[in-house]
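*Asks:* have a look at this prediction, sequence included:
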Amino acid sequence: MESASVIAPVFAQLGLSLIERGWLSSNNLLFGATRHTPPTLIDSGYVSHAAQTLELLERVLASAPVERIVNTHLHSDHVGGNALLQRRWGSEVCIHEASFDAAACWDERRLSYLDTGQSCPRFRPDIGLRAGDSIMLGAYRWTLVPAGGHDPDTLMLFQPDSAVLISGDALWEERVAIVFPSLDGDDTGYLDALAALESIEQLAPRIVIPGHGRAFTDVAGAVAHSRQRLEAFRRLPGRHASYAERALLMFHMLEHRQRRLADVIAWLKQTPIFGRIVRRNGLPPSDDDARRVIAALLSGGQL
């Protein structure tokens with residue numbers, strides 16, 4: 001529990017509350033208001049949990065409004081509560097400027113929701129954020145740091161005085177995120193993910209708050225583990241493809257909890273990203289391909 005004793009006082013100083021979620025919804029990070037900054041939420045979870053997210057935020061803020069939302073990136077598990085919070089409070093949404101046009105015109109293909117077969121209610125982006133700029137959260141200034149790989153348009157947030165990093169999905173404590181660009185055979189995705197790890201090492205954070213899982217202090221260990229996994233995926237892209245298939249299906253089942261086998265097979269076959277993975281072997285997706293992914297999760301005890 002040593003890390004907890006280190007982390008809690010720092011969060012209190014920053015005016016930060018961490019609402020740790022699971023793997024369907026990203027963590028919610030809430031900064032209280034000051035005289036010069038509004039109450040601000042970092043990432044809002046998946047749409048299936050949006051009502052729960054609202055309830056949790058109302059408890060922490062004693063029903064005060066969340067006036068501003070900052071998204072690390074626009075994957076569905078990080079922005080699915082945006083629309084409900086905007087309806088409830090009119091929250092201003094700040095996103096990476098590279099994603100702004102796709103969100104403004106709501107191009108679900110460019111936003112990845114069609115590709116992954118996931119849901120996200122339309123929300124209104126208000127402000128585009130640029131890597132290298134800074135933003136006030138609570139009483140402290142945070143630097144916006146680019147982090148490609150998992151999603152090219154990702155921003156991490158770093159607070160230099162406390163050495164706290166909000167890493168989104170660029171760094172987790174014990175696992176590694178899917179490198180989506182590399183599922184199409186683009187080696188650049190792995191290189192960008194590795195470059196993000198180098199950026200984290202250069203920042204030398206004392207505490208990392210990931211998009212999923214608890215905040216942690218063994219940053220060097222997490223970076224080393226992530227680098228090892230990414231290098232293995234780069235050498236053996238088929239292993240990464242299998243990992244992605246299983247992770248996408250697990251996300252789907254976390255959302256639905258229970259589905260008929262035939263419906264799961266049909267969903268896999270019609271989900272574009274699964275079809276592209278399978279077509280790398282020169283064949284269209286089949287029932288056998290879908291059953292292969294399901295069987296892997298069943299044999300591993302995940303389903």
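*Replies:* Alright, I've got the coordinates.

*Asks:* which parts of the chain are strands?
*Replies:* With strands called from DSSP state E, the chain shows them at 16-19, 28-31, 40-42, 68-70, 92-96, 127-129, 134-137, 140-146, 155-159, 164-168, 207-210.

*Asks:* how about the contacts made by the residue nearest to the spatial centre of the chain?
*Replies:* Centroid-nearest residue in the chain, with C-alpha atoms, centre = their mean: Asp169, separated by 4.6 Å. Going by C-beta atoms under 8 Å, 6 or more residues apart in numbering, Asp169 touches 26, 72-73, 75, 78, 150-151, 154, 177, 210-212. Any C-beta I mention is one placed from the backbone N, CA and C, and that applies to glycine too.

*Asks:* same question, Leu18
*Replies:* 11, 27-30, 209, 215.

*Asks:* could you tell me the end-to-end distance of stretch 121-129?
*Replies:* Terminal residues of stretch 121-129 are spaced 21 Å apart (C-alpha to C-alpha, to the nearest Å).

*Asks:* what are the contacting residues of it?
*Replies:* So stretch 121-129 is contacted by 47, 50, 70, 79-80, 82-84, 86, 92-97, 99-100, 103-104, 106, 135, 144, 155 (C-beta under 8 Å, 6+ apart).

*Asks:* so how far is the helix or strand of the chain with the lowest mean pLDDT off the chain centroid?
*Replies:* When each helix and strand of the chain is scored by mean pLDDT, DSSP states H and E, helix 2-14 comes last, with a mean of 87. Relative to its parent chain, helix 2-14 has a centroid offset of 23 Å by C-alpha atoms, centre = their mean, to the nearest Å.

*Asks:* next one: stretch 266-286
*Replies:* 24 Å.

*Asks:* and the end-to-end length of that stretch?
*Replies:* So stretch 266-286: terminal residues 9 Å apart, C-alpha to C-alpha.

*Asks:* same question for stretch 83-97.
*Replies:* Between the opening and closing residues of stretch 83-97 there is a gap of 19 Å (C-alpha to C-alpha).

*Asks:* what's the spacing between that stretch and its chain's center?
*Replies:* Centre-to-centre, stretch 83-97 and its host chain are 17 Å apart (C-alpha atoms, centre = their mean).

*Asks:* report the buried residues of that stretch.
*Replies:* By neighbour count on 16 or more other C-beta atoms under 10 Å, the buried set for stretch 83-97 is 83-86, 89, 91-97.

*Asks:* out of these, flag the one nearest to His240.
*Replies:* Set against His240, the nearest of those by C-beta to C-beta is His96 (24.1 Å).

*Asks:* highest neighbour count among the contacts of Asp169?
*Replies:* Among those, Ser26 has the most neighbours (other C-beta atoms under 10 Å), with 31 neighbours.
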